[in-house]
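Student: Make a model of this:
(chains A, B, C and D)
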Protein chains: 2
Amino acid sequence: MTDATSQSRGDQTREALVHAALDVFGHAGFDAATTRAIAAAAGVNQALIGYHFGGKQGLYRGAIEHIVQRMQERLLPVAEQVSAKLAAVPRDAPGQRALALQLLVTIFDALHDTIAGGFAEGWVRLILREQQDPTEAFGLLYNHMLARLLALVTRLVAMASGLQEDSEACRIRALMIFGQVMVFHGARATTALHLGWQGIGPDQLAALKTQFRHALEAQFPEGGVQP
Amino acid sequence: MTDATSQSRGDQTREALVHAALDVFGHAGFDAATTRAIAAAAGVNQALIGYHFGGKQGLYRGAIEHIVQRMQERLLPVAEQVSAKLAAVPRDAPGQRALALQLLVTIFDALHDTIAGGFAEGWVRLILREQQDPTEAFGLLYNHMLARLLALVTRLVAMASGLQEDSEACRIRALMIFGQVMVFHGARATTALHLGWQGIGPDQLAALKTQFRHALEAQFPEGGVQP
DNA sequence: GTCTATAGTCGGATAGAC
DNA sequence: GTCTATCCGACTATAGAC
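Tutor: Take a look at the predicted model:
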């Protein structure tokens, strides 16, 4: 009963609440979500939110922390693997551009999989909401995930394009690449209607990855880009 | 008092409510927004929302209709101008690709200006929310604005890339281009932090347009793209 | 058309028994 | 740790005077 895999009753309650919270907060937003609905979805008593998380706000923070943890588990290993390959290649070596493009594809394929891969789609909704009106929880998201990914992508864009890594142009191009991936999750309804998709399953994901790779490779031609 | 430019007291009230609603709904979302806050922002009595719009839901619909109207005023003339130029050029004429790229830049510059140009930024927030959880108001938005723009952009992408206009690949590429523009407005907080911007003013807009043009031109190389 | 006042509802938090 | 019961505040909608 006290080994690492088993959970006390309280742990089970906390976990059920966090999962339900991701779903309900993601669909309804912070204010529209009700603690009653979350408790019902989790199958626990409403008063337990106060006991375990201090209140609605605390539960929200718990949900964001859960997202950050799960994203880190999936994306940080990829990011570190990419960083390692980068470190192994000397500056100005031939084939820099091809390597950078390949590593960018690696990162964004992982991002695609993380977002679309079977997890509560509430994640994307929550993150999008934080983008519009950041709460204190956004700091967690940005510092632990987004800033790291963006720094890595910006560095790869610099390698692929010949732009200065710390230039505004290079940073803008890095964000544009994120936009090419995230648009399908952020503009969910428009994507569904324009492509006639019901959702993003394995086939759809494969099509997005293919087109992304083509667009990416074309975007940074051999000779470097204009500043 | 009854000529076209002057407004009755009731018209003034409706207009003030719609403007305030765009702001408040955009910032807080439908549920979190309160009719009290909207009425206060509009400087009118809360009970007048019921009188003029039937209730909170009716006011929301009025706000969406206002967005559609204003976007149409700004974007439809550009879209028609682009369509006219397209109609004037014979199929398979030389220089198709260059023309398509130029027209794409025209459209997206107009989109950038419309979004960033001095209007209530509540627009983008409202549209993003509708993307995640479409209400009946999304039909208005999609049919009157998004579908038209997407159809035009998809056609131009086909011209620039050599892809079949009705192919899935072509439609995906069209959405990706939207993503390259919209990411700066949708991922507002991340944009601000990664670029060190406080907001998107004229200088920032110019930088975005420049980088977008470069990325767009590179994305569709002379020889056509892979399917 | 506009106002005040309020009815009716619902949500977050919490006290207190178990 | 969990449950029931409840308090209190805030919200939308509306009745009715002007």
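Student: Quick check: next helix or strand after the helix or strand bottoming out on mean pLDDT in chain A?
Tutor: None of the helices or strands of chain A scores lower by mean pLDDT, DSSP states H and E than helix A:122-132, at a mean of 87. Following helix A:122-132 in sequence order, the next helix or strand is helix A:137-141 (DSSP states H and E).
Student: What are the contacting residues of that next one?
Tutor: A:60-61, A:64-65, A:67-68, A:127, A:130-131, B:189 (CB atoms under 8 Å, 6 or more residues apart in numbering or on different chains). Any C-beta I mention is one placed from the backbone N, CA and C, and that applies to glycine too.
Student: Ok, stretch A:213-224 next?
Tutor: A:97, A:100-101, A:104-105, A:108, A:157, A:160-163, A:173, A:177, A:180, B:173, B:176, B:215, B:218-221, B:225-226.
Student: again, only using 7 Å
Tutor: With contact meaning CB atoms under 7 Å, 6 or more residues apart in numbering or on different chains, stretch A:213-224 is reached by A:97, A:101, A:104-105, A:160-162, A:177, A:180, B:173, B:176, B:215, B:218-221, B:225-226.
Student: as a whole number, average confidence for whatever helix or strand residue A:149 lives in?
Tutor: Taking DSSP H and E as the criterion, residue A:149 maps to helix A:147-161. Helix A:147-161 carries an average pLDDT of 96.
Student: Counting by contacts, list what it packs against.
Tutor: helix A:56-88, helix A:96-116, helix A:168-186 (3 or more CB pairs under 7 Å, 6 or more residues apart in numbering or on different chains; DSSP states H and E).
Student: could you dump these to CSV with distance to DNA strand C and mean pLDDT?
Tutor: Listed next are these as CSV, based on distance: least, CB to the nearest atom of the strand, whole Å; pLDDT from 0 to 100:
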stretch, distance to DNA strand C, mean pLDDT
helix A:56-88, 4, 95
helix A:96-116, 27, 94
helix A:168-186, 26, 97
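Student: Between those, which one is closest to DNA strand D.
Tutor: With respect to DNA strand D, and counting by CB to the nearest atom of the strand, the nearest of these is helix A:56-88 at 13.1 Å.
Student: Name the residues of the closest one that are buried.
Tutor: A:56, A:59-64, A:66-68, A:71, A:74-75, A:78-79, A:82, A:86 (16 or more other CB atoms under 10 Å in any protein chain shown).
Student: Export the helices and strands packed on helix A:147-161 as JSON lines, with columns for distance to residue A:20.
Tutor: JSON lines is the format used below for the helices and strands packed on helix A:147-161 (distance: least, CB to CB, whole Å):
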{"stretch": "helix A:56-88", "distance to residue A:20": "9"}
{"stretch": "helix A:96-116", "distance to residue A:20": "20"}
{"stretch": "helix A:168-186", "distance to residue A:20": "22"}
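Student: so which of those helices comes closest to chain B?
Tutor: helix A:168-186 (2.8 Å; CB to the nearest CB).
Student: other SSEs contacting the helix or strand harbouring residue A:11?
Tutor: According to DSSP H and E, residue A:11 maps onto helix A:9-28. Using 3+ CB pairs under 7 Å, 6+ apart, the elements in contact with helix A:9-28 are helix A:35-42, helix A:47-53, helix A:56-88, helix A:122-132.
Student: The first one and DNA strand C in contact?
Tutor: Right, the one you point to is helix A:35-42. Yes: using CB under 7 Å from any atom of the strand, we find that helix A:35-42 touches DNA strand C at A:35-36.
Student: Tabulate the CA atom coordinates of that helix in PDB.
Tutor: The C-alpha trace of helix A:35-42 is given here as PDB (Å, rounded to 0.1, in the frame of the first residue of the first chain):
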ATOM      1  CA  THR A  35     -16.500  23.300  -9.600                       C
ATOM      2  CA  ARG A  36     -19.700  21.200  -9.400                       C
ATOM      3  CA  ALA A  37     -19.200  20.100 -13.000                       C
ATOM      4  CA  ILE A  38     -15.600  19.200 -12.400                       C
ATOM      5  CA  ALA A  39     -16.400  17.300  -9.300                       C
ATOM      6  CA  ALA A  40     -19.200  15.400 -11.100                       C
ATOM      7  CA  ALA A  41     -16.900  14.500 -14.000                       C
ATOM      8  CA  ALA A  42     -14.200  13.300 -11.500                       C
END
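Student: what's the spacing between that helix and its chain's center?
Tutor: Distance of helix A:35-42 from its chain centroid, counting by CA atoms, centre = their mean, to the nearest Å, is 25 Å.
Student: angle of that helix against helix A:9-28?
Tutor: For helix A:35-42 against helix A:9-28, the angle by axes from the mean of the first three to the mean of the last three CA atoms, to 10 degrees is 120 degrees.
Student: now swap in the longest one and tell me
Tutor: Computed by the same axes, to 10 degrees, the angle separating helix A:56-88 from helix A:9-28 equals 90 degrees.
Student: and helix A:56-88 with DNA strand D, contact?
Tutor: No: judged by CB under 7 Å from any atom of the strand, helix A:56-88 stays clear of DNA strand D, getting no closer than 13.1 Å.
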